[in-house]
Each structure stands twice: as structure tokens, then as C-alpha cells.
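Visitor: Return atomic coordinates for the entry below.
(one chain, ligands or ions: 2)
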Amino acid sequence: MEGCIFCALANGEIPTNTVYEDEEFRVILDANPANIGHSLVLPKKHGENIFELDAQTVGKAHALAKKVAEAQKKVLNCDGVNILQNNGEASGQTVMHYHVHVIPRYKGDKVGLGAFGQCVELDKEETQKYLEKLSKAVSENE
Ligand code: 5GP
Ligand code: ZN
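Guide: Numbers count the residues shown, from 1 in each chain. Ligands and ions are numbered 1, 2, ... in the order given. Alright, predicted model coming up:
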């Protein structure tokens, strides 16, 4: 898409540190890494977020994220890995081209992901109400 920085990076129009490339994806190093090796899985086709992108591409992106996570564990000897994927400004998404973060983690590191800084309290009735509604919506979306 015209003017999209991740389209340009994914499709090689702007050179960048590439960890992996195939016909549909490019995995690059994040320009502002949370830890060394912090990678981004970018589909070459443009889709703003998970709501715009087809399920097959989303599935392939996550399968590729698994490969990247395994490589990080092997090469960087990290203790854990975060797979993070933001959708929409409210979630913290800043680049509006779908991407999956793969972030190596170490015991005691100071990486703050921000997303889980709160824990909402719900009563049992409310929880049950949303559980049923969500369950129905997922089943209907097959
Ligand atoms: P978001 O908050 O949208 O999930 O994450 C966007 C990520 O893209 C950020 O971690 C940011 O550092 C990274 N980023 C933004 N612009 C560039 C760029 O031009 N090159 C690279 N390699 N990463 C970028
Ligand atoms: Zn794009």
C-alpha cells in the first residue's frame, strides 16, 4: 500500500535487517528492540490488522513466529519469548500494517510490555454473561 512503511520494508523497497524471507513474508529486526533479537514477522501483502487480514495469512504468520522463537531460543539462549500482536491504536499498535512481535526474554529483564498493566475485577454474573456471548460469537464465526 502506498505510503506504508512496513509494505516498503516487507517487499524490499527499503533495505532492512532481514532474518528470514519467503514469497509471502519477511522477518526483520525491530528498529527499537525490547531485547537483542526482537523480531517482527511481516506479511508482504498489506492488511492493517487481524480484522483485515485473512485467517490463512494470520495462521502462517504465527507458524513463522514459532520458527523465529525457536531460533531465538537456540541462538540467544533466552529463557522465554513473548509473541505479541497489536490491533488498533487502543491496543498500542503504532504501525498500521499487521505484524507479529517475537521478543526474547530473560529472567529478571526489565522489558515492560504495557498491555497487562491492569487487571479488571468482574463479578461472577458478568463473567458468565461475556463467556456465553463470546463462546457463541466464536462458534458462529466458522
Ligand atoms: P506496534 O506498536 O505497531 O505493534 O509495533 C511497531 C514496531 O515497529 C515498534 O516496535 C517499532 O520499533 C517498529 N518500527 C517502527 N518503524 C520501524 C522501521 O522503520 N523499521 C523497523 N525495523 N522497525 C520499525
Ligand atoms: Zn502495508
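
Visitor: does any part of stretch 15-23 sit near ligand 1?
Guide: Yes - judged by Cβ under 6 Å from any ligand atom, stretch 15-23 and ligand 1 are in contact via T16. Placement of C-beta: from N, CA and C, glycine included.

Visitor: Between the two ends of that stretch, how far is it?
Guide: Taking Cα to Cα, to the nearest Å, the first and last residues of stretch 15-23 lie 17 Å apart.

Visitor: Give me the contact list for that stretch.
Guide: 9, 12, 26-29, 39, 44, 64, 67-68, 71 (Cβ atoms under 8 Å, 6 or more residues apart in numbering).

Visitor: Include neighbour count when you put those residues into JSON lines, please.
Guide: Shown next, in JSON lines, are the contacts of stretch 15-23 (neighbours: other Cβ atoms under 10 Å):
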{"residue": "L9", "neighbour count": "23"}
{"residue": "G12", "neighbour count": "12"}
{"residue": "R26", "neighbour count": "20"}
{"residue": "V27", "neighbour count": "24"}
{"residue": "I28", "neighbour count": "19"}
{"residue": "L29", "neighbour count": "14"}
{"residue": "S39", "neighbour count": "27"}
{"residue": "K44", "neighbour count": "17"}
{"residue": "L64", "neighbour count": "21"}
{"residue": "K67", "neighbour count": "14"}
{"residue": "V68", "neighbour count": "21"}
{"residue": "A71", "neighbour count": "17"}
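
Visitor: Taking the residues you listed, tell me the two that lie furthest apart.
Guide: Distance extremes for those: the farthest pair is G12 and A71 at 20.9 Å, using Cβ to Cβ.

Visitor: Could you tell me whether P104 really is in a strand?
Guide: Yes - the assignment for P104 (DSSP: H, G, I helix; E, B strand; the rest coil) places it in a strand.

Visitor: That one contacts G37, doesn't it?
Guide: Yes - look at P104 against G37 with Cβ atoms under 8 Å: they come within range, at 4.8 Å.

Visitor: Which neighbours do the two have in common?
Guide: Joint contacts of P104 and G37 (Cβ under 8 Å, 6+ apart) are 72, 76, 78.
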